[in-house]
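Asks: have a look at this fold, sequence not included:
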C-alpha cells in the first residue's frame, strides 16, 4: 500500500511539472556550470533499447530475470547471492567513444539482501553513509548497481532507497562508493520555472543530484518526460562515472 502511494505521488508530482514546463533546480557549483543533455531512448522499445544523451550512448541494454547472480565480472559487491534468483536486472554498457563501461543493476532489492560492509572481506561503509540504511521502514524498494568504468577496475557500487527518496526527500537516499571514495545521491525537491523562480514540489521527487564529500553538487538527472542529464565540474573520469549513474537511474525508472 505504501509503495502504491509513493508511486502515485511521484506520477502526480511529475505530471504537474510537465504541465507547467518546469525543470529540476540544481545546486552549486553544478547550476552555474552545467551541461544540460536531453536524453533519447528512455521511453523507447525495451527490446534493443538505446539510450543516449550528449556524446554518451548505450551499446547494449538487456533486461531479464536473474537465474543465477554472480555480480559483475565475478565481483558480487553489495548483494547476498542467495537472495537474487527471480529479481529483475538490467545489464548495459555506456560509451563516449573513448571509454566503455559495464553496468549491472538489480531492482526491488530488500534490505536483508545487502552486505552493509560488515561481512568478511567487505569494505566497511563510511559512517556518513550508514544512516541511509536506518531511516526507512520500507525495505524492499531498493536499487543496487555495479559500475565498471574501466576494464579490470573494481566496480563502483550504487545503492538507492527509492522509498526513502519520496518520504524524506531532503535527506540523502543513496550513494556511489568505491573503496574510500564516495558520492551521495540526493533527491531533488525543488523545480525552476522558465523565469528562473525556484519553487518547492508539494511532494515527490522529479530527479536526483550527485554530491561529493563536501556537499558540492557535481551532476544531476531529471526524470521528467524523456529525462535530462546535467554534468558540471569534475574530471573526465568523474563525468563518465556520473553519466553511468544517471543512465542507471533513467533506465530504472521505467523497469517496473
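Replies: Structure received. Quick caveat: nothing in here was measured; it's all calculated off a predicted structure.

Asks: which residues of this structure fall in helices?
Replies: Applying DSSP state H to the chain gives helices spanning 2-19, 30-33, 127-130, 162-167, 236-252.

Asks: pLDDT at the closest residue in space to residue 28 that isn't next to it in sequence, what is it?
Replies: For residue 28, ignoring the flanking residues on the chain, the nearest one in space by CB to CB, 6 or more residues apart in numbering is residue 217 at 6.4 Å. C-beta here means a position set from N, CA and C on the backbone, and glycine is covered the same way. What the model reports for residue 217 is a pLDDT of 96.

Asks: next one: residue 217 from residue 60, what distance?
Replies: For residue 217, the distance to residue 60 (CB to CB, to the nearest Å) stands at 30 Å.

Asks: pick out whichever of the two has more residues nearby.
Replies: residue 217 (21 against 15; other CB atoms under 10 Å).

Asks: what's the more buried one in contact with, if anything?
Replies: By CB atoms under 8 Å, 6 or more residues apart in numbering, residue 217 lies in contact with 26-31, 186, 209-211, 232.

Asks: right, and residue 97 touches residue 55 too?
Replies: Yes. With contact defined as CB atoms under 8 Å, residue 97 reaches residue 55; the gap is 6.7 Å.

Asks: those two: who's more crowded?
Replies: Neighbour totals were compared for residue 97 and residue 55, and residue 55 leads with 11 against 8 (other CB under 10 Å).

Asks: please name the nearest non-neighbouring residue to that one.
Replies: residue 96 (5.2 Å).

Asks: neighbours of that neighbour, how many?
Replies: Residues lying near residue 96 (other CB under 10 Å) number 15.

Asks: likewise residue 237?
Replies: Residue 237 has 11 neighbouring residues, counting by other CB under 10 Å.

Asks: got it, and the one 3 residues further on?
Replies: Neighbouring residues of residue 240 were enumerated by other CB under 10 Å; the total is 23.

Asks: how about residue 172?
Replies: 23.

Asks: gap between it and residue 186?
Replies: Distance, residue 172 to residue 186, by CB to CB: 5 Å.

Asks: intersection of neighbour lists for those two?
Replies: Joint contacts of residue 172 and residue 186 (CB under 8 Å, 6+ apart) are residue 211.

Asks: please report phi then psi for residue 234.
Replies: When quoted as degrees, to the nearest 10, the phi and psi of residue 234 stand at phi 130, psi 160.

Asks: residue contacts, it?
Replies: By CB under 8 Å, 6+ apart, the residues touching residue 234 are 218-219, 242.

Asks: ok, the longest strand anywhere in the chain: who's next to it in the sheet?
Replies: Using DSSP state E to define each element, the chain has its longest strand at strand 56-65. Strand 56-65 has its sheet partners listed here by DSSP bridges as strand 52-53 (antiparallel), strand 88-95 (antiparallel).

Asks: run through who's touching the shortest one.
Replies: With contact meaning CB under 8 Å, 6+ apart, strand 52-53 is reached by 37-41, 58, 227-229, 243, 246-247.

Asks: neighbour-wise, which of the residues you listed leads?
Replies: The most crowded member of the contacts of strand 52-53, judged by other CB under 10 Å, is residue 247 (31 neighbours).

Asks: quick one, grab the pLDDT at the residue nearest to that residue when sequence neighbours are not counted.
Replies: Leaving aside its sequence neighbours, residue 247 sits nearest to residue 94 (CB to CB, 6+ apart; 5.3 Å). pLDDT, the model's per-residue confidence, is 97 for residue 94.

Asks: just residue 13 next, same as before
Replies: At residue 13, pLDDT is 46.

Asks: hang on, the earlier thing: lowest pLDDT pick from the contacts of strand 52-53?
Replies: residue 41 (89).

Asks: who's in contact with the residue nearest to residue 247?
Replies: Going by CB under 8 Å, 6+ apart, residue 94 touches 51, 56-59, 100-101, 103, 243-244, 247.
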